[in-house]
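Undergrad: Quick one: sequence and predicted model below, then my questions.
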Amino acid sequence: MNIITLLTPKEDTFYLDSRSTIRQALEKYDYHKFTVVPLIDKEGHYITTLSEGDILRYIKNNSNFDLEIAEAQSIDLVEKYRPYKALDISSPLTDVIKLSFEQNFIPMVDDRGMYIGIIKRKGIIKSFYEDFKKHYNL
């Protein structure tokens, strides 16, 4: 199995610019229905992930929160509770599989730290299942 075959390229993923506002993030979460997304900087480097839970904790801890405030506040202010680790595209497949036990997806970067896409846990399982079916002639 080749890591590249498991990669969902950046242009086919949902991610946020680290300069986005909390309101922009909320609207994108609502539209796309994802719960955790990568954050990238203006050059395209992977920074971390942001979850709906991170935003909800931020709202809970800021009792004066409203949508007008959300339009002005950057997602950089939101504490990341459990950020996802990224891997380099040249990482061994074993590292990808091990990390998939802990994360629904693995953000992938190139040797410059540029975000290039994700590998989904579902894709890994599907690939193993297809290999299993071939091996056992199912």
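TA: Okay, I see it. Residues are numbered from 1 along each chain as shown.

Undergrad: Report the beta-bridge partners for the residue lying closest to residue 112 once chain neighbours are set aside.
TA: Spatial nearest neighbour of residue 112, chain neighbours left out: residue 45 (7.6 Å); criterion: CB to CB, 6 or more residues apart in numbering. To be clear about C-beta, it is placed using only N, CA and C from the backbone, and glycine gets the same treatment. Beta bridges link residue 45 to residue 114, judged by DSSP bridges.

Undergrad: Let me see the contact set for residue 45.
TA: Neighbouring residues of residue 45 by CB atoms under 8 Å, 6 or more residues apart in numbering: 109, 112-115.

Undergrad: Tell me the helices and strands packed up against the worst-scoring helix or strand of the chain on mean pLDDT.
TA: Least confident helix or strand, the chain: helix 67-72 with a mean of 86, by mean pLDDT, DSSP states H and E. In terms of contacts (3 or more CB pairs under 8 Å, 6 or more residues apart in numbering; DSSP states H and E), helix 67-72 is packed against helix 22-32.

Undergrad: How about residues contacting the helix it packs on?
TA: The contact list for helix 22-32 (CB under 8 Å, 6+ apart) reads 14, 16, 20, 35, 37, 50, 52, 55, 58, 67, 69-71, 73-75, 77-78.

Undergrad: Can you turn the buried part of the residues you listed into a PyMOL selection?
TA: Command for PyMOL that selects the buried part of these, burial taken from 16 or more other CB atoms under 10 Å:
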select buried, resi 16+20+37+50+55+58+70+73+75+78
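
Undergrad: how about stretch 86-100: buried residues?
TA: Applying 16+ other CB under 10 Å to stretch 86-100 flags 86-87, 89, 91, 96, 99-100 as buried.

Undergrad: what's the average pLDDT for it?
TA: What stretch 86-100 shows for mean pLDDT is 97.

Undergrad: what's the first-to-last distance across it?
TA: 11 Å (CA to CA, to the nearest Å).

Undergrad: quick check: longest helix of the protein.
TA: helix 121-135 (DSSP state H).

Undergrad: who's in contact with it?
TA: So helix 121-135 is contacted by 1, 5-6, 8, 96-97, 100, 103-105, 138 (CB under 8 Å, 6+ apart).
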